[in-house]
Structure formats: C-alpha cells, structure tokens
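> after the sequence you'll find the predicted model.
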Amino acid sequence: MAEVVIVPDAAHAGVLVADEIMHLITRRPDAVLGVATGSTPLPVYEALRERVRDLDVSRLRAFALDEYVGIDPDHPESYRNVIRREVVEPLGFDPARVRVPSGALDGIETAGDAYEAAIAAAGGIDLQILGIGTDGHIGFNEPGSSFASRTRVKTLTQQTREDNARFFDSIDDVPEHCITQGLGTILAARHLVLLAIGEGKAEAVAGAVEGPVTASVPGSAIQLHPHVTVVVDEAAASALRFADYYRYAWAHKPAWQGL
C-alpha cells in the first residue's frame, strides 16, 4: 500500500515534498529528479526556491515526464519552456543537466528510445514527482496504457485536451499527441511522490490508491512500486475509504523514516 499523507492545503504539500527533496540532495548532490509540469507541483518548486538558495545544485540532474508532439519549441506552453520557467531558472539548475523528451516531428520515431537511454546513462531517477489527471492518467499515460510501457508517443484523450485547454487560447490549440515516459519508466524510479489537490482529483486518487490495479486507471500502477508517497489535501482525500488510517499512520510514523 502506498503511504498517503493528508495535508491541509497545497502549500503544506509543497513544503513536505520540498523538504524530502532537500534531504535527497544533501545525501546525493548529483541526485536525479523526475520533474512534472502543470499546476499541482508548483508549490513544491516554490518551497524549494527558499531551500536551495544557499545550496550548490550544479550537479543535480533532472528529467521531465513528457512533452507535446509538434508544438513550437518557443511556444510558452511547450514543456521545455515550462520546465525552464518554473524549475531551471528559479532553482538555479544547470540547463544542460535538465532533459525534456523531444517532441520535434523530425526524429520522433526514435525520440522515446533516446530518452530512455539518457535516463539509463544518468543512473535512473531517484525521486519522481507525479500529478494525476481526472481520468487517472500519470504522465501522459492515458487509460489503457501498458504497465510495461516505456517512453513513447501517445494520443491524448479529449478529456485531457479539455483539461489542458486552460493553458492555451482554445482547445483547438492543444496538441493531439505527446511523448511521455511510460508507466514502466515511471515505476523504475526509486521513489515516487504523487501529489493531488482539490475535489476534482478525489475519484482519481481513490482509484489509484485503493482501487484495483488496472490499465483503465493508469495511476493504479503506483500500487506495484515499493516506495510511493501520495500527498493530498483534504478535498483530494475525500473519496478515500481508509483516510482515518492514513492520518493515524502518518501521526505515528517514526521520524527517522522520512517520506
């Protein structure tokens, strides 16, 4: 069972996860982070800004979960730009050590294999930050994705495009395809940290944490991982059957165990 931590709000979630990342960096200055985009991880990056201010992060490496296929690299919502804007520049990471899968049409057939090779060459991902979609997707692994899948091109569902339309002028501007780390790639990370905020994510969280392990809810793949931390606010936890137990377990967890 994944460890579920229920916090009052997004800010508390950000601080909790940022502190865990700081512990990782302290132990391993050349740690490999898996970074996600979207609104959910923003409080983590905001909390990290204060914590890394006086820390040498020049040796850190990072890999993004996904990218739109065919998007103009200069588009403000290309994930390459989002990661640069929200992670690389504010946290002072070395841009040369932060990778985003290539969504360029030229070479897209082999882009997934190239990204897998880069992750392997870095020694694998130590801590992977994840969000979850309203349909239960993690990364851009839509319902039906194989648990053994690796980085590859996927077609986005209409629901995902509608959810992401808020970042574009209209849904017509949201790309139809993406390149994403596969569920098998995600499960290879040494520690998964999934965040969810708001009532709109409650059913997805319940399905991922407490439902059957099924490709129909890609997030349920986290149940197969030996070290998973799910950090949710009260609203996102509202559909969890065992919420009281999660609160009790967190309150009585030995401090030395961390997340």
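Happy to help now that I have it.

> element containing residue 12, please.
Assigned by DSSP states H and E, residue 12 falls within helix 10-27.

> counting contacts, what elements does that helix pack onto?
Other helices and strands packing on helix 10-27, by 3 or more Cβ pairs under 8 Å, 6 or more residues apart in numbering; DSSP states H and E, are strand 3-7, helix 42-51, strand 127-130, strand 191-196, strand 228-233. Where you see a C-beta, it was placed from the backbone N, CA and C, and this is true even at glycine.

> same thing but 7 Å
strand 3-7, helix 42-51, strand 191-196, strand 228-233 (3 or more Cβ pairs under 7 Å, 6 or more residues apart in numbering; DSSP states H and E).

> closest one to residue 179 among the ones you listed?
strand 191-196 (20.2 Å; Cβ to Cβ).

> need the CA coordinates for the closest one. CSV is fine.
The C-alpha trace of strand 191-196 is given here as CSV (Å, rounded to 0.1, in the frame of the first residue of the first chain):
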residue,chain,number,x,y,z
HIS,A,191,10.8,6.9,-5.1
LEU,A,192,7.5,8.1,-6.5
VAL,A,193,5.8,11.1,-5.0
LEU,A,194,2.3,11.7,-6.3
LEU,A,195,0.5,15.0,-5.4
ALA,A,196,-3.1,15.8,-5.9
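
> where along the protein do the strands fall?
All strands of the chain, identified by DSSP state E, fall at 3-7, 32-35, 61-64, 66-68, 98-99, 127-130, 152-155, 177-180, 191-196, 228-233.

> strands paired with the fifth one, and their directions?
Spelled out, it's strand 98-99. Applying DSSP bridges, strand 98-99 is found paired with strand 61-64 (parallel).

> would you mind pulling the contact partners of the strand it pairs with?
Here strand 61-64 makes contact (Cβ atoms under 7 Å, 6 or more residues apart in numbering) with 30, 32-35, 79, 83, 87, 93, 97-101, 119, 122, 125.

> just give the number of residues close to residue 134.
15 (other Cβ atoms under 10 Å).

> how far away is it from residue 209?
Using Cβ to Cβ, to the nearest Å, we find residue 134 at a distance of 15 Å from residue 209.

> and what of residue 77?
For residue 77 relative to residue 209 (Cβ to Cβ), the value is 30 Å.

> neighbour count for these two, which is higher?
Taking neighbours as other Cβ under 10 Å, residue 77 and residue 209 compare with residue 209 leading, 27 against 17.

> thought the more buried one was touching residue 228?
No: under the criterion of Cβ atoms under 7 Å, residue 209 makes no contact with residue 228, lying 8.9 Å away.

> shared neighbours of those two, which are they?
Common neighbours of residue 209 and residue 228 (Cβ under 7 Å, 6+ apart) are residue 2.

> pLDDT below threshold where in the chain?
Scanning the chain for pLDDT under 70 picks out no residues.

> contacts only, for residue 97.
60, 61, 62 are the contacts of residue 97 under Cβ under 7 Å, 6+ apart.

> how about a cut-off of 6 Å?
residue 61 (Cβ atoms under 6 Å, 6 or more residues apart in numbering).

> what's the answer for residue 154, then?
So residue 154 contacts 140, 178, 180 (Cβ under 6 Å, 6+ apart).

> as CSV, those with neighbour count and distance to residue 69 would be great.
Below are the contacts of residue 154 laid out as CSV (neighbours: other Cβ atoms under 10 Å; distance: Cβ to Cβ, whole Å):
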residue, neighbour count, distance to residue 69
140, 27, 10
178, 26, 6
180, 31, 10
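
> sweet, I'm off.
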